[in-house]
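# Below are the sequence and a predicted model for it; my questions follow.
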Amino acid sequence: METNRREFLERITAGAASFGALPLAMSLTACAAEGSNQPAGEFDLAWPSRLTGKHKAVFDMAEIESGYGVWRGNAWAGQYQQFMGAAPTDISLVTILRHNAIALAMNQAWWDKYGIGKAKGVIHPLTGQPTDKNPVLLSTADGIPAPFDAAALPKQQERGVVFLACNLAFQLDCVPVVAKADNLGEEEARKVALTYLLPGVLLQPSGVFAAVRCQEAGCTYVKAS
């Protein structure tokens, strides 16, 4: 992924030299197109309408960090209910999975088939030992204590938490994994990679795009990992 990121940044840097010579609208359009060739229709952009609570926050995850960022969002929601007297309907939480944390947006079959735990050096959130499990999917069935079970990504989704994923990171990290392992071209590899995306996780043009939209919708920004 780092090689792909360097190539992407080199393209952006090269273009920046002539940025000032272009009309502003043209410059912004050119930069926005880099690394995201998907049409706008491929992205669900209606999710801000779901943020109806009095208390709104966006937890921005850039690193896997044993899935702690996802747990932190859950902890905040619980603390506001416990100490602020907020009802569950008073709370709107968004979690963004971007950069290296994009792996958390993928299902366990993805982790198993492509050896993600070992490749990423993932550590179990409770044992501190290497794990081949996606930590945000762990539950009591995996030996997780009951109080932590509710923090699993699917359980949070059931309570209305919105999970967004960076398409740029998906394209630069997840798609090449499939392309290399399955000997596929980029277009076909993307189609395969999309089948491993966790249900209900919404791809956005980029993680930064998602973070700004959250704040425009009234969310307080939290750097979660």
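Arrived safely. Numbering: from 1, shown residues only.

# Now for the most centrally placed residue in the chain: which residues touch it?
What sits nearest the mean C-alpha location of the chain, by Cα atoms, centre = their mean, is L97, with 1.6 Å. Contacts for L97 (Cβ atoms under 8 Å, 6 or more residues apart in numbering) come out as 61, 104-105, 163-166, 169, 201, 207. C-beta here means a position set from N, CA and C on the backbone, and glycine is covered the same way.

# Just the pLDDT for the closest residue to D90 other than its chain neighbours.
Once flanking residues are discounted, D90 sits nearest to K54: 4.6 Å by Cβ to Cβ, 6 or more residues apart in numbering. pLDDT recorded at K54 is 97.

# Next, the contact list for K54, please.
Going by Cβ under 8 Å, 6+ apart, the list of residues near K54 reads 86, 90-91.

# So which of those residues sit within strands?
If you go by DSSP state E, those have I91 in strands.

# okay, and the helix or strand of the protein with the least pLDDT?
helix 24-33 (a mean of 40; mean pLDDT, DSSP states H and E).

# Give me the distance between K180 and A119.
11 Å (Cβ to Cβ, to the nearest Å).

# How is this structure divided into domains?
1-34, 40-223 (automatic domain parsing).

# Flag whichever of the ones you listed has the least confidence on average.
domain 1-34 (a mean of 44).

# all helices for the protein, in order.
With helices called from DSSP state H, the chain shows them at 2-16, 24-33, 68-83, 108-114, 116-120, 146-149, 153-158, 167-169, 175-182, 186-194, 207-216.

# Pipe the ones you listed into CSV and attach mean neighbour count and distance to G128 per row.
As requested, the helices of the chain are arranged in CSV below (neighbours: other Cβ atoms under 10 Å; distance: least, Cβ to Cβ, whole Å):
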stretch, mean neighbour count, distance to G128
helix 2-16, 12, 26
helix 24-33, 12, 41
helix 68-83, 18, 12
helix 108-114, 17, 19
helix 116-120, 16, 14
helix 146-149, 12, 15
helix 153-158, 17, 21
helix 167-169, 25, 26
helix 175-182, 17, 26
helix 186-194, 16, 30
helix 207-216, 19, 28
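
# Now the ones you listed in TSV, please, with extra columns for distance to D44.
Shown next, in TSV, are these (distance: least, Cβ to Cβ, whole Å):
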stretch	distance to D44
helix 2-16	24
helix 24-33	18
helix 68-83	20
helix 108-114	21
helix 116-120	25
helix 146-149	28
helix 153-158	14
helix 167-169	11
helix 175-182	19
helix 186-194	13
helix 207-216	11
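
# Sweet, I'm off.
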